[in-house]
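Visitor: no sequence for this one, just the structure:
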């Protein structure tokens with residue numbers, strides 16, 4: 001049995017063929033070039049699927065099922081109700097993909113990308129022995145997933161795991177609330193550094209800001225604030241849901257000093273909040289950029 005896993009991202013569309021041993025044997029990629037019409041994007045998805053199948057020396061007839069991870073809110077009928085960075089509203093993704101790939105709709109599974117990444121870690125990654133965990137995606141914004149009994153908890157309004165909406169700060173002078181995505185994204189760090197330096201934030205390299213934080217006082221000020229906000233979010237998730245593990249994914253997860261920096265901030269929190277005794281069990285995701293593809297495959301397996 002062969003499965004196609006698709007990662008529909010705001011930047012790229014990636015499709016991979018996964019074999020019986022759940023190894024990737026063929027991959028294809030193309031730029032998303034959004035915003036465009038859903039029909040144009042799904043035409044490209046079908047094309048990269050065909051190319052991935054050819055790369056695996058197979059034909060589409062060999063493919064049993066297809067799983068896709070996508071940004072936004074996805075309901076059980078495979079409809080992407082809303083995806084801001086793709087400009088999607090009520091896109092019937094399962095139907096559109098089934099027609100283009102000539103597969104029955106019951107063989108097509110669509111899931112939110114953060115949920116797919118979390119499922120990958122639960123299936124074969126760092127959380128493979130855990131039942132209840134939280135997955136944080138930290139990049140240009142904050143996303144995430146809640147796993148309960150090894151399944152995604154979607155929530156009443158399909159917003160389970162939307163940690164980026166959590167309010168993390170209120171500015172008394174501005175009379176304004178700030179969410180975790182506002183305060184805790186890597187883009188927020190770059191924008192604050194740029195504002196203090198009086199430069200256009202597009203001229204700054206976010207990775208360089210983090211890499212050179214120990215050598216630049218302005219960089220360090222806002223990088224430390226990033227890790228402080230991340231630690232606060234992790235602390236809050238631990239006491240709201242009490243998971244056995246909290247996994248960090250997204251672009252920041254590639255940093256070798258990530259866990260040390262977060263734990264330094266948690267040390268400060270626990271030194272002040274002495275009534276708190278449950279220390280979060282934090283891990284970095286194992287699968288990186290392949291997580292959405294692998295998780296989309298596991299989503300299908302769970303259903304069957």
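Guide: Arrived safely, thanks for sending. From a predicted model like this one, the values you see are computed outputs, not experimental measurements.

Visitor: quick one: contacts of stretch 224-233?
Guide: Stretch 224-233 is contacted from outside by 136, 138, 142, 163, 166, 168, 180, 183-184, 186, 188-189, 192, 213, 248, 261-262, 264-266, 268-269, using CB atoms under 8 Å, 6 or more residues apart in numbering. Heads up, the C-betas are built off the backbone N, CA and C, glycines and all.

Visitor: how about it: buried residues?
Guide: Of all the residues in stretch 224-233, those buried under the rule 16 or more other CB atoms under 10 Å are 225, 226, 227, 228, 229, 230, 231, 232, 233.

Visitor: in stretch 169-184, what's buried?
Guide: So for stretch 169-184, counting by 16+ other CB under 10 Å, buried means 178, 179, 180, 181, 182, 183, 184.

Visitor: my guess is residue 25 contacts residue 4. True?
Guide: No: under the criterion of CB atoms under 8 Å, residue 25 is not in contact with residue 4, lying 10.9 Å apart.

Visitor: between those two, who's got more neighbours?
Guide: The neighbour count for residue 25 versus residue 4, taken as other CB atoms under 10 Å, is higher for residue 4 (32 against 16).

Visitor: wasn't residue 67 part of a strand?
Guide: Yes: under DSSP: H, G, I helix; E, B strand; the rest coil, residue 67 falls within a strand.

Visitor: on the three-state scheme, the nearest residue to it once chain neighbours are set aside is what?
Guide: The shortest distance from residue 67 to any non-neighbouring residue, by CB to CB, 6 or more residues apart in numbering, is to residue 296 (3.3 Å). Per three-state DSSP, the secondary structure class of residue 296 is helix.

Visitor: now residue 296: how far from residue 6?
Guide: 6 Å (CB to CB, to the nearest Å).

Visitor: could you look up the SS state of residue 6?
Guide: strand.

Visitor: neighbours of residue 137, how many?
Guide: 26.

Visitor: that one contacts residue 143, doesn't it?
Guide: Yes: in terms of CB under 8 Å, residue 137 counts as a neighbour of residue 143; the distance is 4.0 Å.

Visitor: need the residues touching each of these two.
Guide: With CB under 8 Å, 6+ apart as the test, residue 137 and residue 143 both reach 114, 250.

Visitor: which residues of the stretch 1-150 of the chain fall in helices?
Guide: Taking DSSP state H, counting those that start in this stretch to define them, one finds helices in the stretch 1-150 of the chain at 38-55, 93-101, 113-124.

Visitor: buried ones in the shortest one?
Guide: When you say that, I think you mean helix 93-101. Result for helix 93-101 [16+ other CB under 10 Å]: buried residues 93, 94, 96, 97, 98, 100, 101.

Visitor: so which of these is the closest to residue 74?
Guide: Relative to residue 74, the closest of these is residue 93; by CB to CB it sits at 7.4 Å.

Visitor: OK, contacts around the closest one?
Guide: 42, 68, 70, 74, 78, 79, 80, 110.

Visitor: what does residue 124 give?
Guide: Applying CB under 8 Å, 6+ apart, the residues near residue 124 are 22, 286, 287, 294, 298.

Visitor: out of those, grab the one that's most surrounded.
Guide: Compared across the contacts of residue 124, residue 294 has the highest neighbour count, 28 neighbours, by other CB under 10 Å.
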